[in-house]
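*Asks:* build me a model:
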Amino acid sequence: MKQAESITDLSRLELLELVHLYAKNWLAHDGCWFLSAEQKYDMPTAIELDTESWRKFTVIEAKRLIDFLELGKNSGIQGLQKALRFRLYASLNEDEIYVDGNNLEYRVKTCRVQAARRKKGLADFPCKSVGIVEYGLFGKTIDERFQMECISCPPEITNPDYYCIWRYTLNS
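*Replies:* Okay, the predicted model is just below:
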């Protein structure tokens, strides 16, 4: 049993462990909510509800990261790169970021959501339509000049080495 009585008593290492645990709990809740919606209604309705939820949440998350990381308004490629590294997903999925001039590609190599579905014998979640809203609005909130396009994402995987790939272009 840990000796800590509250969060403020935790060591740095224990705090990092707790952050990872919180991220897993958040994602588990998101998954439980989605599966409940899918079971009660159907996949298209669950996706519609999920999309609307992400439309709101991703903007809140991005704004809070802008404040926490002190990015300022329209922080460009550097701001987006940094903000992506601090998302709740950051400690859960293996990802890569590639920058080339005014383009940033965010590539997700391992995805806990899809891995959990496969473990339960479920088909991949066709997350492209939700991801377009989630990742697009996240980028636009970090910097309104970003345009985002989906390169690969279920159900349209164009690169089998990644679960999904999102390309951001910073327009002048």
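*Asks:* neighbouring contacts of stretch 98-111?
*Replies:* Under the criterion C-beta atoms under 8 Å, 6 or more residues apart in numbering, residues 77, 80-81, 84, 93-97, 135, 151, 161-171 lie in contact with stretch 98-111. Yep, even glycine has a C-beta here, placed from its N, CA and C like the rest.
*Asks:* list the ones among those that fall in strands.
*Replies:* Among these, the members falling in strands are 95, 96, 97, 151, 164, 165, 166, 167, 168, 169, 170 (criterion: DSSP state E).
*Asks:* give me the pLDDT value at the third one.
*Replies:* Reported pLDDT at residue 97 in the predicted model: 98.
*Asks:* could you list the buried residues of the helix or strand bottoming out on mean pLDDT in the chain?
*Replies:* The helix or strand with the lowest mean pLDDT-type score in the chain, counting by mean pLDDT, DSSP states H and E, is helix 112-119 (a mean of 87). Across helix 112-119, burial judged by 16 or more other C-beta atoms under 10 Å covers 112, 113, 114, 117.
*Asks:* count of neighbours near residue 141?
*Replies:* Under the neighbour criterion other C-beta atoms under 10 Å, residue 141 is assigned a count of 19.
*Asks:* can you map out the strands along the protein?
*Replies:* Secondary structure of the chain, counting by DSSP E: strands at 95-100, 103-108, 146-152, 164-170.
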